[in-house]
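Q: what would the 3D arrangement of this be:
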Amino acid sequence: MALKLDWLKVERDAEWLLEIYKPFVLETAITFELELPTLSDFSARISKIHNTHPFIVAIENSQTIGYAYANVFRERKAYDWIKELSVYVHPAFQKKGVGIKLYQTLMEILTQQGICRVVGGIALPNEKSVKFHEKLGFQHVGTFVKSGYKFNQWWDVGFWDKELNSTAKEIIPISELRKHSLES
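A: The predicted structure follows:
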């Protein structure tokens, strides 16, 4: 597999990202989105995240096959040093290390930015995602019971977190880091 990681380019990636996201919305509780967003709405959403947070894509043979991004954990300024992570990989490319590579690279970027903690929220049960996070050093910190209703049932949401930096310092804007290639 000739996997390449790159920064998101909304005009290049939005349509592919929506296709990747589609089965997660329509067939799983991995996301609590109940309806597939329009391409316009999805593009606006990823543009908003991309403006302030790292958003990266995995590309193979010029096709986007997965993506990962960090986003606001909570709105208050004191939460700026913790970010919530998300990763989605096209089903045909799962179990090939794409998600791990995306998450590891995303955490490297966040570490460089000065982010101290990252958190992953997992709709439970989801043993695959739990193992994924724990393999990357995340620890379970709590579960919200019956916090999402999809497919005519309640789902719990567990939270796993990981420390990246132990000391809070000024956060480097993502625009500064985007000036550099993700490829070593």
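
Q: residues in contact with the longest helix along the chain: which ones?
A: Counting by DSSP state H, the longest helix found in the chain is helix 10-27. In this structure, residues lying in contact with helix 10-27 by C-beta atoms under 8 Å, 6 or more residues apart in numbering are 30-31, 33-37, 39, 42-43, 46-47, 50, 57, 63-67, 88-91. Where you see a C-beta, it was placed from the backbone N, CA and C, and this is true even at glycine.

Q: the residue lying closest to residue 60 once chain neighbours are set aside and residue 183, how far apart?
A: The shortest distance from residue 60 to any non-neighbouring residue, by C-beta to C-beta, 6 or more residues apart in numbering, is to residue 3 (5.6 Å). Per C-beta to C-beta, to the nearest Å, residue 3 is found 10 Å from residue 183.

Q: between the two, which is the more surrounded one?
A: Neighbours per residue, other C-beta atoms under 10 Å: of residue 3 and residue 183, the larger number sits with residue 3, 16 against 7.

Q: what sits against the residue of the chain positioned farthest from its centre?
A: Distance to the chain centre peaks in the chain at residue 152, reaching 25.8 Å (criterion: C-alpha atoms, centre = their mean). Residues near residue 152 by C-beta under 8 Å, 6+ apart: none.

Q: kindly report the same for the one 5 residues further on.
A: Neighbour list for residue 157: 121-124, 143-144, 147-148 [criterion: C-beta under 8 Å, 6+ apart].

Q: give me the pLDDT for residue 126.
A: For residue 126, the pLDDT comes out at 96.

Q: that one is in contact with residue 30, isn't it?
A: Yes: between residue 126 and residue 30 there is a contact under C-beta atoms under 8 Å: 7.0 Å.

Q: the residue nearest the centre of the chain and residue 108, how far apart?
A: In the chain, the residue lying closest to the centroid (C-alpha atoms, centre = their mean) is residue 86, at 1.9 Å. According to C-beta to C-beta, residue 86 and residue 108 sit 16 Å apart.

Q: same deal with residue 31?
A: Per C-beta to C-beta, residue 31 is found 25 Å from residue 108.

Q: and for residue 61?
A: For residue 61, the distance to residue 108 - C-beta to C-beta - is 25 Å.

Q: mind listing the strands in this structure by residue range?
A: Remark: strands assigned in the chain by DSSP state E are 3-7, 55-60, 63-72, 82-89, 117-124, 139-150, 153-163.

Q: so can I have JSON lines of those strands showing distance to residue 178?
A: As requested, the strands of the chain are exported to JSON lines (distance: least, C-beta to C-beta, whole Å):
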{"stretch": "strand 3-7", "distance to residue 178": "5"}
{"stretch": "strand 55-60", "distance to residue 178": "10"}
{"stretch": "strand 63-72", "distance to residue 178": "13"}
{"stretch": "strand 82-89", "distance to residue 178": "16"}
{"stretch": "strand 117-124", "distance to residue 178": "19"}
{"stretch": "strand 139-150", "distance to residue 178": "30"}
{"stretch": "strand 153-163", "distance to residue 178": "23"}
